[in-house]
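1. Provide a 3D model corresponding to the input given below.
(one chain, ligands or ions: 1)
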Amino acid sequence: MTAFRSYPIIGAVLAQFAALALAVGLRLMLVDRLDPDMLVWLALAAQCLTAALVTKLLGLPVWWAWIGLLFPVALGLALNAGTLPAWPFGVAFVLLALVFSNTARERVPLYLTNRQTTEALAKLMQQRGARRFTDLGSGLGGVVRSLDGEGRRARGVESAPMVWLISLLLSKLQGRGLIERQDIWEAEIGEEDLVYAFLSPEPMPALYEKAKGAMKPASLLVSNSFPVPGVEADEIWELPDRRGTRLYLYEMKRDGGAG
Ligand SMILES: C[S@@+](CC[C@H](N)C(=O)[O-])C[C@H]1O[C@@H](n2cnc3c(N)ncnc32)[C@H](O)[C@@H]1O
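-> Numbering: from 1, shown residues only. You can find the predicted model right below:
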């Protein structure tokens, strides 16, 4: 399982092969009993669902299950592209770009903080008497909405257009949290007590430099899952959730540095 966590692509491929075996078996079993079109749809559904399920059972992060689910459909569409109209592909491309624009640019995909982690962040804020929270790359804004209120001000900074818009609407509807459409590298964080990031290994060195240069003494940079390379965290919180989330805590020091 650890190998699959380090190289999730192996688990994803295995899941597709396991699903393929099931789909082929199903087709062979039902070939004389079902209409050919119906059989194709049934095999496709079996392939998608089994691949997603096996991916989940292998303990891969949830977005791999989504990839497992959608990959066979995407492959089917690509193989039949010549017989289909072109516009749905264009629309799908634009939608994907609006949601996942940061995946290519920053190598940060969209995946969301779970409930246990949000609760741990709330506890951390309470322990430290923190009042101002910023989620850099706030996604759909779930953490921001959860932590806002009860004397705390929570802000999210997000640049992917569709993701920002959805999170802004949800925050307005619930009257919780402040969502800004901004690049994390432009965001003002000097007054924050706790800055949270759930990004990827790629931006961590630069993010740490930004935090060190801008954040006030005794404030905290908290990274979900991705440590800053070469810098020892002041604390590491290991959470009892299924994915074994680790929160890396870096406290800003009085001399304007950290670590
Ligand atoms: C892994 S998601 C985390 C979402 C949210 N923080 C959570 O934990 O639920 C990372 C988010 O960071 C956003 N992001 C990545 N690079 C960014 C940048 N340079 N400026 C603003 N947002 C960025 C992505 O669009 C994505 O929504």
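
2. contacting residues around the residue nearest the centre of the chain?
-> The residue lying closest to the centre of the chain (C-alpha atoms, centre = their mean) is Y111, at 1.2 Å. Contacts of Y111 were listed using C-beta atoms under 8 Å, 6 or more residues apart in numbering, and they are 61-63, 139, 198. For every residue, glycine as well, the C-beta is placed using N, CA and C.

3. closest to E186 among those?
-> G139 (17.7 Å; C-beta to C-beta).

4. do you know the pLDDT at that closest one?
-> Predicted confidence (pLDDT) at G139: the value is 93.

5. follow-up on the earlier one: among the contacts of Y111, which one lies nearest to the ligand?
-> G139 (2.6 Å; C-beta to the nearest ligand atom).

6. hmm, W164 and that closest one touching each other?
-> No: applying C-beta atoms under 8 Å as the test, G139 and W164 come out as separate, 9.4 Å apart.

7. got any residues that touch both of those two?
-> What both G139 and W164 touch, as defined by C-beta under 8 Å, 6+ apart, is the set E158.

8. follow-up on the earlier one: pLDDT value on the residue nearest to the centre of the chain, please?
-> 80.

9. does it count as helix, strand or coil?
-> At Y111 the chain is in coil, as set by DSSP: H, G, I helix; E, B strand; the rest coil.

10. and the contacts of stretch 232-242?
-> Under C-beta under 8 Å, 6+ apart, the answer for stretch 232-242 is 59, 114, 116-117, 120, 124, 227, 244-251, 259.

11. need the worst-confidence member of the residues you listed.
-> Scoring the contacts of stretch 232-242 by pLDDT puts G259 last, at 55.

12. how about the residues of the stretch 51-200 of the chain near the ligand?
-> 102, 106, 108, 110-113, 135, 137-139, 142-143, 157-160, 163, 183-185, 198-199 (C-beta under 6 Å from any ligand atom).

13. 5 Å instead, please
-> With C-beta under 5 Å from any ligand atom as the criterion, the stretch 51-200 of the chain meets the ligand at residues 102, 106, 108, 110-113, 135, 137-139, 158-160, 163, 183-184, 198.

14. what's the ChimeraX line that selects buried ones from the residues you listed?
-> Per 16 or more other C-beta atoms under 10 Å, the buried members of these correspond to this ChimeraX selection:
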select :102,106,108,110,111,113,135,137,138,139,158,159,160,163,184,198
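
15. could I get the full set of strands for the stretch 101-250 of the chain?
-> 132-136, 153-158, 178-181, 194-197, 220-224, 235-238, 246-251 (DSSP state E, counting those that start in this stretch).

16. tell me how this protein divides into domains.
-> 2-84, 115-251 (automatic domain parsing).

17. any chance you could list what contacts stretch 56-75?
-> 1, 4-5, 8, 11-12, 14-16, 19, 44, 47-49, 51-55, 109-111, 242-243.

18. could you pull out the helices for this protein?
-> 2-6, 8-30, 36-57, 62-79, 87-106, 115-128, 142-147, 161-174, 204-214 (DSSP state H).

19. deepest in the core, which of these is it.
-> Of those, the one with the most neighbours on average (mean count of other C-beta atoms under 10 Å) is helix 142-147, at a mean of 22.

20. from the contact counts, what lies against that one?
-> Where contact means 3 or more C-beta pairs under 8 Å, 6 or more residues apart in numbering; DSSP states H and E, helix 142-147 is packed against helix 115-128, strand 132-136, strand 153-158, helix 161-174.

21. make CSV out of those and add distance to D35.
-> Shown next, in CSV, are the helices and strands packed on helix 142-147 (distance: least, C-beta to C-beta, whole Å):
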stretch, distance to D35
helix 115-128, 44
strand 132-136, 51
strand 153-158, 47
helix 161-174, 39
